[in-house]
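Novice: Turn this into a model:
(one chain, ligands or ions: 2)
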Amino acid sequence: MKSVAQAIEAIPTDEENAGQLTEAEGWWATQLVIPRTIYWGLHASCLLALWVGVSTGDFLLFAATFLGRMFFITGAYHRYFAHKTYKTSRAFQFVLAFFGATATQKGPLWWASHHRTHHKYADVPGKDTHSPMDGFFWSHQGWIFDRRFDGTDIDNIRDFASYPELVWLNKWHILAPISLAVFCYAVGGFSGLLWGFAISTVALWHATYSINSLAHKFGTRRYDTRDTSRNNWALALLTLGEGWHNNHHHYCASARQGFMWWEVDVTYYVLRAFQAVGLIWDVREPPAHILKGTGAVRETQKAA
Ligand SMILES: [Zn+2]
Ligand SMILES: [Zn+2]
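Specialist: Numbering: from 1, shown residues only. Ligands and ions are numbered 1, 2, ... in the order given. Okay, the predicted model is just below:
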């Protein structure tokens with residue numbers, strides 16, 4: 001049995017992966033062929049819906065797996081592992097990590113580490129992992145298939161890399177989506193697998209990735225942040241609250257991203273429900289000066 005330190009050591013860093021980088025870029029790129037094939041193959045499989053059709057049960061399974069996994073990406077991978085906006089037990093932390101991994105966006109340490117880099121260098125060309133300044137489609141999905149970003153930069157996520165169960169899940173993340181696929185097949189047969197896993201996963205990918213691409217392009221800016229982040233109500237509804245992305249870039253330590261009462265943030269409501277039953281605690285809110293600062297920023301922008 002390997003120690004945690006050895007397991008962490010075995011994970012290649014971004015720098016080590018960079019050594020394997022080839023010159024190839026674009027659709028014909030040869031990097032990460034297997035993930036690319038799975039990614040586009042799952043897209044192509046959605047066409048099977050034309051033959052299979054959709055039943056009420058299929059649609060309900062689609063809705064449950066899309067919304068459920070969206071919550072775990074936003075409420076767990078993003079607001080917990082990347083930003084530590086609340087506290088929880090070690091057991092529930094693993095539950096959050098496992099269900100987050102069912103979203104088929106790799107492991108929790110990989111996801112959160114790259115996201116921290118996004119905030120650290122937001123929209124600095126060549127430094128931000130996925131800025132639209134480096135190309136719209138790059139920010140949406142291109143960066144995922146670049147070998148430089150295939151590994152987990154453990155230095156960026158040492159706080160959670162001290163848990164061996166998370167290091168294990170980060171390596172074997174594929175087991176989570178496979179479990180979900182088997183569950184969907186058991187519940188709904190082939191059409192259940194198609195709607196509950198394939199179509200739901202593709203929809204979930206693009207909804208999640210739209211925060212890295214569209215939410216840095218379209219929407220309004222309440223806060224004069226150094227990046228291109230926007231608040232976009234349509235994306236906020238689609239992603240259960242992540243569309244209030246300018247709020248989030250301005251103050252990312254808050255579990256709540258909809259700062260105004262009318263900024264619907266379903267993930268935050270669910271987190272409050274988890275808090276009410278004792279599953280999580282110390283849920284962080286935007287401080288008063290951040291909320292009060294709104295008017296001042298607007299006035300500054302008007303005067304400029
Ligand atoms: Zn962003
Ligand atoms: Zn963030």
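Novice: Show me which residues of stretch 95-104 are buried.
Specialist: Within stretch 95-104, the residues that qualify as buried by neighbour count (16 or more other C-beta atoms under 10 Å) are 96-104. All C-beta spots, glycine's among them, are computed from the backbone N, C-alpha and C.
Novice: Confirm Phe94 sits in a strand?
Specialist: No: according to DSSP: H, G, I helix; E, B strand; the rest coil, the state of Phe94 is helix, so it is not within a strand.
Novice: how about the nearest residue to it, chain neighbours excluded?
Specialist: When the adjacent residues along the chain are set aside, Phe94 lies closest to Glu165, with 5.4 Å between them (C-beta to C-beta, 6 or more residues apart in numbering).
Novice: Wasn't that neighbour part of a strand?
Specialist: No: with three-state DSSP as the criterion, Glu165 is located in helix rather than a strand.
Novice: Packing partners of the one helix or strand Phe274 maps to?
Specialist: In this structure, Phe274 is located in helix 266-276 according to DSSP states H and E. In terms of contacts (3 or more C-beta pairs under 8 Å, 6 or more residues apart in numbering; DSSP states H and E), helix 266-276 is packed against helix 56-71, strand 280-281.
Novice: Between helix 266-276 and the first one, find me the angle.
Specialist: So the one you mean is helix 56-71. Helix 56-71 and helix 266-276 meet at an angle of 80 degrees, taking axes from the mean of the first three to the mean of the last three C-alpha atoms, to 10 degrees as the criterion.
Novice: in the stretch 151-300 of the chain, which ranges drop under the pLDDT threshold?
Specialist: Scanning the stretch 151-300 of the chain for pLDDT under 70 picks out the ranges 293-300.
Novice: ok, which stretches of it are helices?
Specialist: With DSSP state H, counting those that start in this stretch as the definition, the stretch 151-300 of the chain shows helices at residue ranges 158-161, 164-171, 175-193, 200-212, 233-238, 245-250, 266-276, 288-303.
Novice: Quick one: distance of the second one to the chain centre.
Specialist: What separates the centre of helix 164-171 from the centre of its chain is 18 Å, taken as C-alpha atoms, centre = their mean, to the nearest Å.
Novice: elements contacting it?
Specialist: Using 3+ C-beta pairs under 8 Å, 6+ apart, helix 164-171 sits against helix 4-10, helix 90-101, helix 108-120.
Novice: can you count the residues close to the nearest residue to Arg256 once chain neighbours are set aside?
Specialist: Nearest non-adjacent residue to Arg256, counting by C-beta to C-beta, 6+ apart: Tyr268, 4.4 Å away. By other C-beta atoms under 10 Å, the residues close to Tyr268 number 24.
Novice: Report the contact partners of the closest residue to His78 other than its chain neighbours.
Specialist: Closest residue in space to His78, ignoring its immediate chain neighbours: His115 at 6.6 Å, by C-beta to C-beta, 6+ apart. The neighbourhood of His115, defined by C-beta atoms under 8 Å, 6 or more residues apart in numbering, consists of 77-78, 82, 129.
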